[in-house]
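In: Fold the following for me, if possible:
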Amino acid sequence: MYKRLGIGNADIAFYTSWLYLPWVIKPFWSPIVDAFGTKRTWIIAMQLIIGAALGGLALTLPTPGFFKWSLAFFWLLAFSSATHDIAADGFYMLALTKKEQAFYVGIRSTFYRVAIIAGQGLLIMLAGTLELIYKPAAAWATVMLVAAALFLLLAAWHLASLPRTEILAECPRTANNFTGDIIKPFISFFQKPGIVCALAFMLLYRLPEAFLTKITPLFLLDSVEGGGLALTTAEIGFVQGTVGIVGLTLGGILGGILAAGKGGMKRWLWPMVASITIPDALYIILAYYQPENLTLIGAFVFLEQFGYGFGFTAYMIYLLQFARGENSTAHYAFATGFMALGMMLPGLVSGMLQELTGYLNFFIITTALCSVTFLVSALVKFDASED
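Out: Model prediction:
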């Protein structure tokens, strides 16, 4: 959207990378969701705020000061989304028995993937179609208006249909036990054995992908003269938001099956490390030859995303294993916070690096950084008892 509205790559990557921040600090305000109100109330309230923020985006995109106002609404969206995530996870645990949780986990995962395809694929394809009729600002404002209406309708539906599963705590929370819910697990997290190597792995395992994430859609959109592939908005929605997400999903499914099988992570760690790194070199080929064939471009994006999904399995398994023990829920939340930080920090400088070096050299540098992934993977140990 920002690329179509004339914002430069450095500004796009820098300012949108800051939107990871709510996910980085999410563990520090999750006790607030637990302490005040019910998960049901939080879910509905956050959906209403998200709907309102999307409506705000729709109103401000056609205005001269759209960039700063849209970022403000995106910040509101990011914080509301992270809070909704906390509440929805908690509601899932409270509303269902352990047997029901196991039954619905596949359905939940499926709808999560459907949501990604809808947001990164279908809505972008809709924007691309509308760009053929309207100016980009009007086209994207219309898409945001559609998304706002959808969220408000879903909030109304959930207000009527979500079961009431909680009774508010009879004993009021005090400042001491409220802060203790954060401080004590936070301290014990940094006292876990191997914490330095673990943090290096959490922050750097996805370093190449963290650079690529912000730049690849800009590369696909940019003009041939600018070093890009000159795809349309609708083509981006199809290639990245649909074909790419299917590859990501299939890679993740395969990784989960193999990790749970004979040999476990002892057998599959290095194939997963290779899978999440080596396919990054495909972007060097795309940047060098700048092909016009959409099928070929889609195939390359599919392969890179499939490799990422397969390799990401090792990362998530390590986070789960590292978080085990006392305060496992809080420790896993902190681990995922560092996971988000590992994507945020490289993203802040990725646009500036790309503008300084050009797309081809940027992808060469990114591929060279894959050596860091191999290095930090050699520092950590997976639980051999699960192999």
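In: which regions of the protein sit below the pLDDT cut-off?
Out: Applying pLDDT under 70 to the chain picks out residues 102, 105-106, 167-182, 384-387.
In: longest helix in it, by residue count?
Out: In the chain, taking DSSP state H as the definition, the longest helix is helix 328-368.
In: which of the residues in stretch 60-70 are buried?
Out: Using 16 or more other C-beta atoms under 10 Å as the test for burial, stretch 60-70 gives T60, L61, F66, F67, W69, S70. Glycine gets a C-beta too; all of them are placed from N, C-alpha and C.
In: Please apply the same query to stretch 214-231.
Out: Of all the residues in stretch 214-231, those buried under the rule 16+ other C-beta under 10 Å are 214-222, 227-229, 231.
In: for stretch 115-127, same thing?
Out: In terms of neighbour count (16+ other C-beta under 10 Å), stretch 115-127 has its buried residues at I116, I117, A118, Q120, G121, L122, L123, I124, M125, L126, A127.
In: before we move on, back to that, want to throw the buried residues of stretch 214-231 into a markdown table with secondary structure and distance to Y288?
Out: Converted to a markdown table, the buried residues of stretch 214-231 look like this (DSSP: H, G, I helix; E, B strand; the rest coil; distance: C-beta to C-beta, whole Å):
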| residue | secondary structure | distance to Y288 |
| --- | --- | --- |
| K214 | helix | 21 |
| I215 | helix | 16 |
| T216 | helix | 15 |
| P217 | helix | 19 |
| L218 | helix | 17 |
| F219 | helix | 12 |
| L220 | helix | 15 |
| L221 | helix | 18 |
| D222 | coil | 15 |
| G227 | coil | 10 |
| G228 | coil | 13 |
| L229 | coil | 12 |
| L231 | coil | 17 |
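In: Identify, from these, the entry nearest to Q305.
Out: Nearest to Q305 among these, counting by C-beta to C-beta, is T216 at 9.9 Å.
In: Can you tell me the SS state at G6?
Out: Secondary structure of G6, reduced to three states by DSSP: H, G, I helix; E, B strand; the rest coil: coil.
In: phi, psi of it?
Out: Per-residue torsions, G6: phi 90, psi 10 (degrees, to the nearest 10).
In: just to revisit the earlier point, for N293, state which of the buried residues of stretch 214-231 is nearest.
Out: The closest of the buried residues of stretch 214-231, once distances to N293 are taken by C-beta to C-beta, is L229, at 10.1 Å.
In: Identify the residue nearest that closest one in space, chain neighbours excluded?
Out: Closest residue to L229 apart from its sequence neighbours, by C-beta to C-beta, 6 or more residues apart in numbering: L220 at 5.2 Å.
In: Ok, Y92 next?
Out: Per C-beta to C-beta, 6+ apart, closest to Y92 is Q101, 6.8 Å.
In: ok, now how distant is that neighbour from S328?
Out: Distance, Q101 to S328, using C-beta to C-beta, to the nearest Å: 16 Å.
In: Mark which of the buried residues of stretch 60-70 are part of helices, please.
Out: Using DSSP H, the buried residues of stretch 60-70 in helices are T60, F66, F67, W69, S70.
In: now the last one: how far from A137?
Out: The one in question is S70. Taking C-beta to C-beta, one finds S70 at 10 Å from A137.
In: Residues in contact with both of those two, list them for me.
Out: Listed contacts common to S70 and A137 are L61; contacts here mean C-beta atoms under 8 Å, 6 or more residues apart in numbering.
In: just to revisit the earlier point, dump the buried residues of stretch 115-127 into JSON lines; add secondary structure and distance to P346 as well.
Out: Output for the buried residues of stretch 115-127, formatted as JSON lines (three-state DSSP; distance: C-beta to C-beta, whole Å):
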{"residue": "I116", "secondary structure": "helix", "distance to P346": "21"}
{"residue": "I117", "secondary structure": "helix", "distance to P346": "26"}
{"residue": "A118", "secondary structure": "helix", "distance to P346": "27"}
{"residue": "Q120", "secondary structure": "helix", "distance to P346": "20"}
{"residue": "G121", "secondary structure": "helix", "distance to P346": "25"}
{"residue": "L122", "secondary structure": "helix", "distance to P346": "29"}
{"residue": "L123", "secondary structure": "helix", "distance to P346": "26"}
{"residue": "I124", "secondary structure": "helix", "distance to P346": "24"}
{"residue": "M125", "secondary structure": "helix", "distance to P346": "28"}
{"residue": "L126", "secondary structure": "helix", "distance to P346": "30"}
{"residue": "A127", "secondary structure": "helix", "distance to P346": "27"}
